[in-house]
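Colleague: Compute the structure for the input listed below.
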Amino acid sequence: MSEAAEQITSKRSPLHETHLRLGATMREQDGWLVPASYGDELFEYAAVREKGAGLIDLSPCARFHVSGTEAEQFLNGLITNDVKTLPENQWMLAAFPNVQGRLIASVRVGRLKDGFLIDTEAVTGQKVFQTIQRFTLAGDFHVAELTEQSALLSVQGKQAVEIVHNVLGEAAAKTPKRNLAKYEWQQHELTVWRATNTSEDGFDLVTRSDDAQALWEALIGKGARPVGYDAFEILRIEAGVPRYGVDVDETNVVSEALEEAVSYTKGCYIGQEIIARIKYRGHVAKKLIGIDFDRPIEVDQQAKLKSVDDKEIGRITSMTFSPHLGRTIGLGYVKYDYAAPETDVKVSSTAGDMAARVADLPFVRGSW
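Modeller: This is a model prediction of the structure:
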């Protein structure tokens, strides 16, 4: 596709023009034009991982509000985690499975006084909306799509608390981890999620599209540095966060990659029988794990994983060089019997077989 055609067909964040003014190189991802880099990927990475804080435009992530007197009941029948146990102003990870227990989307669900906020990756947004919407005729259960009318800015890093305090005030900065709350900023409502997607402390700020540029500039003015998606990709692999369409998709049983998003005590939901049967009859056949090398190395995408005695046991899904660790790391799947941390494996690539080992996730345990 030509650059001109891409510009026409791809969606744009409310901050698109801001990124261009900052000199960002734009690229297409999941149907959106996103800032790949602002000129120095390692500088952007260091803003998050070292002593500062980075600012990432995650507006392409899909956002929904679910409400109604039967919202809790219906939502609980669609996702893997138990929203009945979720207190007001807290959030949890969950997944939408299909009837075979396979992953439609991973989501974050937060409970507020007026209902539930849900967000998911851009690539799975339409699936989530359609899955919820088709049940809304069955009772007092409503879903509103918020993506186009809002923006999501993520402040990540060791100075995130200080920057959010300076821009939004003490109450917002003191939002507890895994909580969310609404605050007023410049006479408009803003939602704060205390959350990480980098292993560093962080806040995800959801604001009106019309307020996005002012909020961005206020955060930059207090010391946050713009971070593009190339640096964010390194950070999310270091944090062990799987990406839909790359590390997970509808061929994966939910519990292969998102065990913490599953409640085994909540009762029935779509796909529950298969997910529960796998759990109580033993374990999943394969598991998402980290792959760790002892040095920088070039490896083919989707390279095969072998045991030390040459049995094929899995594959790599994501690879990157970790500046923090000084070596190549990756995410991938191995058969369950080889999933224990420190298990020696081989990576079969066009350059030959290379020694590696299974690593626990996340690779980097930052300030979160």
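
Colleague: Run a quick neighbour tally on the closest residue in space to Asp204 that isn't next to it in sequence.
Modeller: Of all residues not flanking Asp204 in the chain, Trp193 sits nearest, at 4.0 Å (C-beta to C-beta, 6 or more residues apart in numbering). Just so you know, the C-beta spots here come from the backbone N, C-alpha and C atoms, and that holds for glycine as well. By the measure other C-beta atoms under 10 Å, the count of residues near Trp193 is 22.

Colleague: State the distance from Trp193 to Asp247.
Modeller: Look at Trp193 and Asp247: by C-beta to C-beta, to the nearest Å, they are 22 Å apart.

Colleague: same check, this time on Val107
Modeller: Applying C-beta to C-beta to Val107 and Asp247 gives a distance of 16 Å.

Colleague: Around the closest residue to Trp185 other than its chain neighbours, how many other residues sit close by?
Modeller: Of all residues not flanking Trp185 in the chain, Leu168 sits nearest, at 5.8 Å (C-beta to C-beta, 6+ apart). Residues lying near Leu168 (other C-beta under 10 Å) number 23.

Colleague: For Leu168, which residues are in contact?
Modeller: Residues near Leu168 by C-beta atoms under 8 Å, 6 or more residues apart in numbering: Tyr183, Trp185, Leu190, Val192, Leu205.

Colleague: which residues does the second one bridge with?
Modeller: In this entry, Trp185 is beta-bridged to His188, by DSSP bridges.

Colleague: Give the buried subset of the contacts of Leu168 as a ChimeraX selection command.
Modeller: Only the buried entries of these go into this ChimeraX selection, using 16 or more other C-beta atoms under 10 Å:
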select :185,190,192,205
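
Colleague: Turn the contacts of Leu168 into a markdown table, including secondary structure.
Modeller: Below are the contacts of Leu168 laid out as a markdown table (DSSP: H, G, I helix; E, B strand; the rest coil):
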| residue | secondary structure |
| --- | --- |
| Tyr183 | strand |
| Trp185 | strand |
| Leu190 | strand |
| Val192 | strand |
| Leu205 | strand |
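
Colleague: For Ile163, give me the backbone phi and psi.
Modeller: Per-residue torsions, Ile163: phi -70, psi -40 (degrees, to the nearest 10).

Colleague: returning to that earlier point: out of Val107 and Asp247, which sits in the more crowded spot?
Modeller: Set Val107 next to Asp247 and count neighbours by other C-beta under 10 Å: Val107 wins out with 25 against 21.

Colleague: Is it correct that that one falls within a helix?
Modeller: No - counting by three-state DSSP, one finds Val107 to be strand, located in no helix.

Colleague: Quick check: closest non-adjacent residue to it.
Modeller: Going by C-beta to C-beta, 6+ apart, Val107 has Thr120 as its nearest residue, at 4.5 Å.

Colleague: ditto for Trp368
Modeller: Using C-beta to C-beta, 6+ apart, the nearest residue to Trp368 is Thr196, at 4.4 Å.

Colleague: Now do the contacts for that neighbour.
Modeller: Here Thr196 is in contact with Gln156, Gly202, Ala239, Gly366, Trp368 (C-beta under 8 Å, 6+ apart).

Colleague: Over to Lys279?
Modeller: Residues in contact with Lys279 (C-beta under 8 Å, 6+ apart) are Ser255, Tyr264.

Colleague: Three-state assignment for it, please.
Modeller: helix.

Colleague: how much space between it and Ile329?
Modeller: 28 Å.

Colleague: Please apply the same query to Pro14.
Modeller: Pro14 is 33 Å from Ile329, by C-beta to C-beta.

Colleague: Map the structural domains onto the sequence of this protein.
Modeller: 3-59+148-238, 62-145, 285-368 (automatic domain parsing).

Colleague: Please identify which of the ones you listed is closest to Glu259.
Modeller: domain 285-368 (8.6 Å; C-beta to C-beta).

Colleague: what's the first-to-last distance across the closest one?
Modeller: 31 Å (C-alpha to C-alpha, to the nearest Å).

Colleague: and that domain, how far out from the chain's middle?
Modeller: Chain-centre distance of domain 285-368: 20 Å, with C-alpha atoms, centre = their mean, to the nearest Å.

Colleague: try stretch 163-176
Modeller: Centroid separation for stretch 163-176 versus its chain: 22 Å, with C-alpha atoms, centre = their mean.

Colleague: Same check on stretch 218-228?
Modeller: For stretch 218-228, the distance to the chain centre is 21 Å (C-alpha atoms, centre = their mean).

Colleague: Now do the same for the residue of the chain most remote from its centre: its pLDDT.
Modeller: Farthest-out residue of the chain from its mean C-alpha position, per C-alpha atoms, centre = their mean: Asp309, at 35.2 Å. Asp309 is assigned a pLDDT of 96 by the prediction.

Colleague: next one: the one 4 residues further on
Modeller: Reading off the confidence values, Ile313 has pLDDT 98.

Colleague: Name the next helix or strand downstream of the lowest-mean-pLDDT helix or strand in the chain, please.
Modeller: Sorting the helices and strands of the chain by mean pLDDT, DSSP states H and E puts helix 3-9 at the bottom, at a mean of 52. The first helix or strand that comes after helix 3-9 along the chain, using DSSP states H and E, is strand 11-12.

Colleague: circling back to that earlier point, wait, doesn't the residue nearest to Val107 sit right on Cys61?
Modeller: Yes - because the distance of 6.7 Å satisfies C-beta atoms under 8 Å, Thr120 is recorded as touching Cys61.
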